[in-house]
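Asks: one predicted model, sequence on top.
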Amino acid sequence: MGYSVEEIRKDFEQLKEGNIYLDTAATALKPNVVINAIKEYYIKFNGNSHSKMSIYGDKTSELIENTRNIIARYINSNKRNIIFTKSATESLNTCIFGIEHKLKENDEILLSILEHHANIVPYQIIAKKSHSKIKYVYLKEDYGFNYEEFEEKITKKTKIVGITMQSNVTGEEIDIEKICDILKNRAEKLGIDIPYLIIDGSQAITHKKINLKKLKEIFAFVFSGHKLYGPQGIGVLYLKGEKIGEVNPRNYGGDMIEYVLEDNVTFKEGFEKFEGGTLNIAGIYGLSKAIIYIEKIGIENIEKHLKDLTKYTIEKLKKEVRNINIYANENTCRYSYICDKRNTFT
């Protein structure tokens, strides 16, 4: 496909009249291929994947599993580890509340101060219920993530670690490979099991590759479809294969049930036990088209363009705007040579 900004803009109806959109970090615009896929689904394929009463049930099941394969390829995981939710927030709530029974009194939860509310509040709730403690990793003077403090705050009591892959406020990119290495080495030194590592990938997944087969220390990885140029109302939760059995489901009913009797019920195993109720199949289908669209453009091209825009923006701010501070370091501005020692300027 190549990387041509002019050609790419033609794929977005909202940009065709010269509009400028600066809120992609909150929610991305949708390319025509995604919008057309949603329309195509409701015209050609609309059905319930749980139903075997028509050919549409089989077709929608096929669309869901095809998307599961596409996502697994995109983040390099097994498709049996992919769970569909309605958002990254629901994904976080599912995995966090799903392991609350693992916490006991005086256990510790370690979070970064950069976390989105969805990766803080659920921990606050389960910490109060279990009488465990939340600890935070703060930022260095240059506003960068403090890896040394992160390592120091991992103790024998650390049970869960929640980290964003990229801040939705400062743009700080956290080195997840480094986080995994620190966690693994620290656990070995302390003689403890590796804590449950939950990664919020919502902001980074649009321009950074993730290899979950390589990052074996990650217990859960979440992202939302709407930031990835896909539809709103669709999220993804990856759960580590050997850990899925430890996580309790939050939604009960629908196709996650194996057998139900008057006084007892059994649930399906693996990802299926987390997908109770009718899924957002149109959203799932649209997400598959969004990922294919990104892959055609090339995620490395997207990241390069993002860096170029960042450099351009900071240079313009430095030259043309007075009395402004940039709360960032080289991981966000990526061009530290134009920043002073504290990575701020006025």
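Replies: Sure, I can see it.
Asks: so where's the chain uncertain?
Replies: Applying pLDDT under 70 to the chain picks out residues 1-2, 49-55, 328-346.
Asks: try 50 this time
Replies: Scanning the chain for pLDDT under 50 picks out 1, 333-346.
Asks: and the spatially most central residue of it, bridged to which residues?
Replies: With distances taken as C-alpha atoms, centre = their mean, the residue of the chain nearest its centroid is residue 223 (2.4 Å). Beta-bridge pairing for residue 223 (DSSP bridges): residue 236.
Asks: ok, now how distant is it from residue 8?
Replies: Distance, residue 223 to residue 8, using C-beta to C-beta, to the nearest Å: 21 Å. To be clear about C-beta, it is placed using only N, CA and C from the backbone, and glycine gets the same treatment.
Asks: also residue 97?
Replies: 39 Å.
Asks: also residue 177?
Replies: From residue 177 to residue 8 the distance is 30 Å (C-beta to C-beta).
Asks: neighbour count for these two, which is higher?
Replies: Using other C-beta atoms under 10 Å as the criterion, residue 177 and residue 8 rank with residue 8 on top: 18 against 13.
Asks: so the more buried one makes contact with residue 297?
Replies: Yes - counting by C-beta atoms under 8 Å, residue 8 does reach residue 297; the two are 6.8 Å apart.
Asks: mind listing the helices for the stretch 51-200 of the chain?
Replies: 55-75, 88-98, 121-130, 147-152, 176-190 (DSSP state H, counting those that start in this stretch).
Asks: with respect to burial, which of those helices scores highest?
Replies: When you average the neighbours per residue for each of the helices of the stretch 51-200 of the chain (mean count of other C-beta atoms under 10 Å), helix 88-98 leads with a mean of 23.
Asks: and it, what does it pack onto?
Replies: When contacts are defined as 3 or more C-beta pairs under 8 Å, 6 or more residues apart in numbering; DSSP states H and E, helix 88-98 sits against strand 82-85, helix 121-130, strand 196-200, strand 218-224, strand 235-239.
Asks: again, only this time at 10 Å
Replies: Counting contacts by 3 or more C-beta pairs under 10 Å, 6 or more residues apart in numbering; DSSP states H and E, helix 88-98 is packed against strand 82-85, helix 121-130, strand 158-164, strand 196-200, strand 218-224, strand 235-239.
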